[in-house]
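1. need a 3D model of the sequence below.
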Amino acid sequence: MSRRTIAIIIFIVGILMLAVVAVVFITSQNQPPETVAPAEGTAVPGEEVPPGGGGVGEGENVVVATLPPTPSNLVEVVVSLQTVPRGYLMTEDILTTEFRDAGTVGLNVITDVNDVVGKYARDDIFQGETLTISDLVEDVTAVSAQEFGPSSIIPPGFVAQAIPLNELSSVAYGLSEGDYVDIMLLFSLYQIDQEFQTLLPNDAAFYLEEGIQAADQSGTTPGDENNGDNQSTAIIYGIAGFGRFEELATGDLAHIGPSEAQRPIFIGVLIQNAKVIQVGKYSPPPSAEELIPTATPEPLGEGEPTPTPAPEAFPTATPEPPKVILLAMQPQQQLLLRYAIEVGVRPNLALRNVDDGQLYAVDNVDLEFFLQRFNIELPPDLGFTVDTQKGGGSGQENVPITPTPEQVPEGG
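-> Just a heads-up that it's a prediction; the model follows:
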C-alpha cells in the first residue's frame, strides 16, 4: 500500500470522528432538563398544575422544579458582625444571617433580624456569636426577670457571692446590675508571738525572793508559824506589755515598755473586673395579677349617682439603701475575698467604665511601695531640731481671726 493511500485512509477516519463528536454535542444540547416531581399536593411557582393532578403525572402533566432544594439539616440564624458591650442598642447594620447545622444550635436561636433590631444586649456579645432570645432585653435594666434570675448574667467560669455594702464601699450607691467594679482590700498585718500565736507585746511576771525579818511579838511570822524569825517570801511583779530592760546613763536599770497598742502594717490588694450581679436582696418580680388589683364594685340603688372617691394623700416612703451586693468573680478571687471578710477587711468598690474590661498590672501597696514610688527619703536621726514655737520663734502664737460680719442698716 502506498503512502498516498495510507494518508487518504487517515484523513477519512479523522473526518468520521469529528462528525461523531459533533452529533453527540448537538444531541446533548437539545435534551430537555431533568424533571423532578415535587411532593404530592405541592406546586412550583410559575407552573400551572392540572386539576386533580397534584403536581405529579406524565407527559404534559409533569411539574418541573426549577429551584434547588434546601438541605434539611441547615437553619438560618442571626449573627452579630461585631463585638458589642452590655446595654448596646442592636441595629440592622451590625447583623447578618448565616446557615448553621441544626444540631449545633439551640431551640431559642433567633432566625429573623427584625426580632433583634431595637433591643439591647443583655450581656457582652462577641463577633460571630449566634444570637438567642436570652441575649437580648427590651429594657437594659430588666436583667433579673423572673424567667431568668440573677444566675443568667454570671459569665461562664465565674461564681458569685454576697458581700456587705454601705455608702462608701458602694461608690455612693451608684452601682446597678451588669456593672463591673474593682475591689480594694486593705489588710492590717500585726506581729505575733510564734509560740503562742498571739499579738505582741506579751505580758510578763517576775518572781523575786527577799528575806523578811519578822517582828511579831508572838515570835512567829506570816506564812510559817514554826520557822522562827527569818523567812523567805516570794514577791510578784507583773508587767503588762513587756518590752525590754535597758541600763540608763546613770547606771540604773529601767524597763522600757510600749506606750500604745501595736501599730499595724497595711497591705493594699486589688481584685479587678468583678461583675455586679445584683444590688440588694433579690425579690422575684410580681405577677400580672398582683400588679393589677381587682376592684369589687358595690351595688348602687336606682337613681343614685356614682360616688367619686376622695383623693387621699399617701406619704412617700423613703426606700432603705441596699446593704448587700452580689459579685461574680473567678473562684480563686472569690476565696481571697471570703478570706478578707473573715479576717475583718472591709471591701471598697471602684466603678469601671462600661466599655473597659482590661486587666491592669497593679502592685500591692505598702509603706515600702509608698516610699519608693514617691522618692521619699527618710531624714537622718540628728538628735536635735529647730525652734518649734508656733509663732515662728517670736514667742507669740498665731491666733486665728474670726471675721465679724458688718451690720447692714435697715432699708439699705
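2. biggest helix in the chain, by residue count?
-> helix 3-29 (DSSP state H).
3. average pLDDT across that helix?
-> Helix 3-29 shows an average pLDDT of 78 in the prediction.
4. and for the closest residue to V75 other than its chain neighbours, the neighbour number?
-> Spatial nearest neighbour of V75, excluding adjacent residues (CB to CB, 6 or more residues apart in numbering): A102 at 4.6 Å. C-betas here are computed from N, CA, C, even on glycine. Residues lying near A102 (other CB atoms under 10 Å) number 13.
5. right, and A102 touches V109 too?
-> No. Here A102 lies out of contact with V109, judged by CB atoms under 8 Å, at a distance of 9.6 Å.
6. which residues of the stretch 301-412 of the chain fall in helices?
-> 331-342, 367-373 (DSSP state H, counting those that start in this stretch).
7. tell me which other helices or strands the last one touches.
-> Just to be clear, that refers to helix 367-373. Applying 3 or more CB pairs under 8 Å, 6 or more residues apart in numbering; DSSP states H and E, we find helix 367-373 packed against no helix or strand.
8. now it - C-alpha only, PDB.
-> C-alpha atoms of helix 367-373 as PDB (Å, rounded to 0.1, in the frame of the first residue of the first chain):
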ATOM      1  CA  LEU A 367       4.900  51.500 103.200                       C
ATOM      2  CA  GLU A 368       7.900  50.400 101.200                       C
ATOM      3  CA  PHE A 369       5.900  51.000  97.900                       C
ATOM      4  CA  PHE A 370       4.900  54.400  99.200                       C
ATOM      5  CA  LEU A 371       8.500  55.500  99.900                       C
ATOM      6  CA  GLN A 372       9.900  54.200  96.600                       C
ATOM      7  CA  ARG A 373       7.000  55.400  94.400                       C
END
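9. give me the contacts around it.
-> Helix 367-373 is touched from outside by I265, F266, D363, I376, L378, with contacts defined as CB atoms under 8 Å, 6 or more residues apart in numbering.
10. biggest separation within the residues you listed, which pair?
-> Farthest-apart pair in the contacts of helix 367-373 is D363 and L378; separation 20.6 Å (CB to CB).
11. domain assignment for this protein?
-> Residue ranges for the domains of the chain, per automatic domain parsing: 74-142, 149-190+264-284+321-375, 197-220+229-263.
12. tell me the average confidence for the second one?
-> Averaging pLDDT along domain 149-190+264-284+321-375 gives 88.
13. what ranges do the strands span in the stretch 51-200 of the chain?
-> 74-80, 95-101, 120-121, 136-137, 159-164, 180-189 (DSSP state E, counting those that start in this stretch).
14. can you tell me which of the ones you listed is most buried?
-> strand 120-121 (a mean of 20; mean count of other CB atoms under 10 Å).
15. pLDDT (mean, whole number) over it?
-> 86.
16. who does it touch, helix- and strand-wise?
-> On a contact count with 3+ CB pairs under 8 Å, 6+ apart, strand 120-121 meets strand 136-137.
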